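Visitor: please work out how this folds:
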Amino acid sequence: MARLAMINGRIAASVAVALLLLAASVESSSSLDYAGAFDKCLQFFEAQRSGKLPADRRVQWRGDSGLTDGYLQGVDLVGGYYDAGDHVKFGFPMAHAVTMLSWGVLEFEKEMVAADELNRALDAIRWGTNYFLKAHTQPNVLWVQVGDGDSDHLCWERAEDMSTPRTASKIDTDHPGSDVAGETAAALASAAKAFRHYDSQYADVLLLHAKQLFSFADTFRGKYDDTLQCAKKFYPSASGYQDELLWAAVWLYEATGDGTYLGYVARNAESLGGTGWAVREFSWDNKYAGVQVLLSKILLAGGGGDYADTLKQFHAKAEFFMCACLQKNGGNNVKTTPGGLLYVADWNNMQYVSSASFLLAVYGDYLAESGDALNCPDGQVKPAEIIAYARNQADYVLGKNPLSMSYMVGHGDKYPSHVHHRGASIPSVSAVSDTVGCMDGFDAYYNSPGADPNVLHGALVGGPDGNDGFVDDRCNYQRAEPTLASAAPMCSVFARLAAEPAASGASSPGGYNPPAPTHGQQGSPLEFVHTVTHSWTKDGAEYYRHAVTYINTCGQPITYVKLKIEELTGPIYGVSATQDKEMYEFPSWLTRLDAGDKRDLVYIQQGGPPAKISVVEYKTG
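Guide: Okay, the predicted model is just below:
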C-alpha cells in the first residue's frame, strides 16, 4: 500500500512535464470513464461463471448451469468459468486469467479500494481458485478441462440448456502437463498473496496447493496437449512448458519470500529459456515477458542478492519487450495498426493488447518507484511516457480509434452488438423458459441480424483487423468473440488509469482525429498528412501535439531524405537532427521507404501555427 502511494505521488508530479516530452501516440482521456470500464470488466467475469450462481448476482440474465460437472468421473467440478462464447471450461487460459486478476490486485490494490471494487475483484479471483482447489484432487492429479470443444462448438445454446457432453480430462504422473499445472500453481500462489491480508487461512490453503502443483509440474515434465487431444485443437501450449515452470517459481517466491524459488529461477534461467527468449508478446501461452518483468521488479527494488547478475539478464529481456511495444526497439517493434493499436495476431488480437498494456503499466510504475528510466535503441523513455502509452492503448479500446467504436461491450454509445457469445445472443431463461435446442439456437439466433438481447457488459471482443476495420457480425468469431484471457489484464489497467489524474486540456470530439492531407511543395516525393492529436495548458501557455504521417508518393523506393522543418518551437521525434539548423533526416534505423509506405513523426508546438515541413533533398534506389 505504501509503495503504491509512493508510485502514484511520483507519477502525478511528473505527468505535466512528461506530456511535453511525449513520444508515444497519446491523447487526452478526460472524457473516458475508466472506473466504469473496470466495473464492467468485472461484470464480464460474473457473466462467465459456471455452477450455482449467488442470489445477489448483478448479471440477472444468467442462471445456474453445469451443476453435474465431474459427476461421471466421481469428482466435483462444479464452478469455475466458461472460457469465451462457448461453454467449455479450459483450465489453462482460465488459470492465466486468475493469475492476471491477482497480479492486478497486488499492483493496484489502492486504486481498486478507491474505486470501491476490491471486494468484487477478490470475488472474481475466488470463483476461479475455489474451482482449482476442487480440480486438484491429489498432489499429482489436476483436472484441466470440462466439456468437449468439438461437440460444444456444434451447438448454439445457452449454458442453462447445455446438451453437449461434459467430458472431464485430467493430467497425472502418466499424463503430465507441466504447462497447465505450472500456470495453475502461479494462479494459486498469486491469489494467496492477494488474499494474505484479507483471509489468511484461505491464503494458506491456496499456497499449499500451489506448492504441490509446482512440484508436480517440475518433477513430471511434459506438455499437456501431447497427451490430451481435446486441448490440442483449442489451447495448445505452443511455447512449451518451460515458461510456466519459471512463472510458477517466480510467483511462489512472491507469495512466500522463500529464496529457494528464486534460486530455482536463477539456476534454470538459461535451460528454461528465461534469459534466452526476447519476446514481443505476453499471453495465456507465452509467459516469458511476465517472468522477465516480475524479476525486473526485484532487481529495480535492490533485491536479487547472489542472483543479481542473472536478474540483470532477465531485465534486459524485459526492456526488449517494453521497447518493442513502445515502437522504440529499432527494427524489432510490435506492429501497430494505422490508428495506433498494437497488432500481434489476426485472431483475437485484443488479448495481446490487454496483456501488453498491463505490463507497460506495471513496469512504468516499477521504474517510477526506483527512479529509473527505460533505455531503448531509439531513445530513453520516462515512466510517465510508458504509462501514457498504456493509456493510449486503453483509449483505443474504449473508442478513441478510427471507427469511434468501443471494443468493450456496454461501454460508450457505440460498441459491438452482435457478439460471438451464446448466452448474450439468446434470450435469457427468465424471458424464454423453453429449452433452446442445439440446432434451434443456430436457426433462430446465431444467424439473426438482430442485436444481442443480453448486453454482455465488459466483454472485450477480439478487436479490429490490421487496418482498424471491424465487422460487427456474430459469425466473425476471430474478432467478435470475448475471452477470459483478454479481459483479465485490461481490468487492472482500467483500475490503474481511473486513479491517474487526467491530463489537462481536451481532445477533439470523438477522441481520434482522422488525418487531413496538407499540401506539400510541387513535385515532392512525400505527401504529409498532418493531425493535431492533443492540446493542453501549462503555466498559462498553450501546447499542441502534432502527428505527421509522411507517405512515399514518388513511385520509387526512397533511400535518403533531408527535411527542412521551420518554425518548430518544441521537441520532435521520429526524425534525426543534423548539424544544420532546421534540417532533419530519416532516423538511423530507417534505410529505405518503399513506394506507398508511410512513417510517422511527432512534435510539440507551443502556440501558433504548425511547423512547416518540406523536402530539401532525397535519393531513390
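
Visitor: just checking, E369 touches S296?
Guide: No: E369 is beyond contact range of S296, at 11.9 Å (criterion: C-beta atoms under 8 Å). The C-beta positions use only the backbone N, C-alpha and C, and glycine is treated the same way.

Visitor: who has more neighbours, those two?
Guide: Shown here are E369 and S296; by other C-beta atoms under 10 Å, S296 has more neighbours (25 against 18).

Visitor: list the helices and strands the helix or strand that one falls within packs on?
Guide: Assigned by DSSP states H and E, S296 falls within helix 288-300. Secondary-structure packing of helix 288-300 (3 or more C-beta pairs under 8 Å, 6 or more residues apart in numbering; DSSP states H and E): helix 242-256, helix 259-267, helix 308-325, helix 350-370.

Visitor: nearest residue to the middle of the protein?
Guide: Residue closest to the average C-alpha location in the chain (C-alpha atoms, centre = their mean): S354, at 1.5 Å.

Visitor: got a pLDDT number for it?
Guide: The model reports S354 with a pLDDT of 98.

Visitor: for the residue nearest to it when sequence neighbours are not counted, list the residues it contacts.
Guide: Sequence neighbours aside, M490 is the residue nearest to S354 in space, at 4.0 Å (criterion: C-beta to C-beta, 6 or more residues apart in numbering). Shown in contact with M490 (C-beta atoms under 8 Å, 6 or more residues apart in numbering): 41, 353-354, 357-358, 394, 397, 460.

Visitor: mind showing which ranges of this structure have poor pLDDT?
Guide: The chain contains residues with pLDDT under 70 at 1-31, 501-523, 533-538, 589, 608.

Visitor: can you pull out the strands in it?
Guide: Residue ranges of the strands in the chain, as given by DSSP state E, are 89-90, 142-146, 168-171, 374-376, 379-381, 516-517, 526-538, 541-552, 558-566, 572-573, 576-577, 583-585, 598-606, 612-620.

Visitor: for those strands, which one sits closest to S404?
Guide: Closest to S404 of the strands of the chain is strand 526-538 (C-beta to C-beta; 14.7 Å).

Visitor: now the strands of the chain in TSV, with distance to Y82?
Guide: TSV is the format used below for those (distance: least, C-beta to C-beta, whole Å):
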stretch	distance to Y82
strand 89-90	6
strand 142-146	10
strand 168-171	15
strand 374-376	38
strand 379-381	39
strand 516-517	45
strand 526-538	39
strand 541-552	41
strand 558-566	52
strand 572-573	44
strand 576-577	51
strand 583-585	53
strand 598-606	41
strand 612-620	53
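
Visitor: got those strands as a markdown table, with distance to D309 and mean neighbour count columns?
Guide: Below are these laid out as a markdown table (distance: least, C-beta to C-beta, whole Å; neighbours: other C-beta atoms under 10 Å):
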| stretch | distance to D309 | mean neighbour count |
| --- | --- | --- |
| strand 89-90 | 38 | 27 |
| strand 142-146 | 35 | 27 |
| strand 168-171 | 35 | 23 |
| strand 374-376 | 19 | 17 |
| strand 379-381 | 24 | 17 |
| strand 516-517 | 53 | 10 |
| strand 526-538 | 42 | 18 |
| strand 541-552 | 41 | 19 |
| strand 558-566 | 42 | 17 |
| strand 572-573 | 34 | 18 |
| strand 576-577 | 35 | 12 |
| strand 583-585 | 39 | 17 |
| strand 598-606 | 37 | 18 |
| strand 612-620 | 46 | 16 |
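
Visitor: out of the ones you listed, nearest to A159?
Guide: strand 89-90 (10.7 Å).

Visitor: what's next to that closest one, contact-wise?
Guide: 50, 66, 69, 77, 80-83, 131, 144-147, 231, 234-235.

Visitor: again, 7 Å this time
Guide: Residues from elsewhere that reach strand 89-90 (C-beta atoms under 7 Å, 6 or more residues apart in numbering): 50, 80-83, 145-147, 234-235.

Visitor: pull up the pairing partners for it, direction included.
Guide: strand 142-146 (antiparallel) (DSSP bridges).

Visitor: and the partner strand, how far from the chain's centre?
Guide: 25 Å (C-alpha atoms, centre = their mean, to the nearest Å).

Visitor: contacts for that strand?
Guide: Residues outside strand 142-146 that contact it (C-beta under 7 Å, 6+ apart) are 69-70, 75, 77, 88-92, 135-137, 166, 168-171, 177, 180-181, 184, 213, 224, 230-231.
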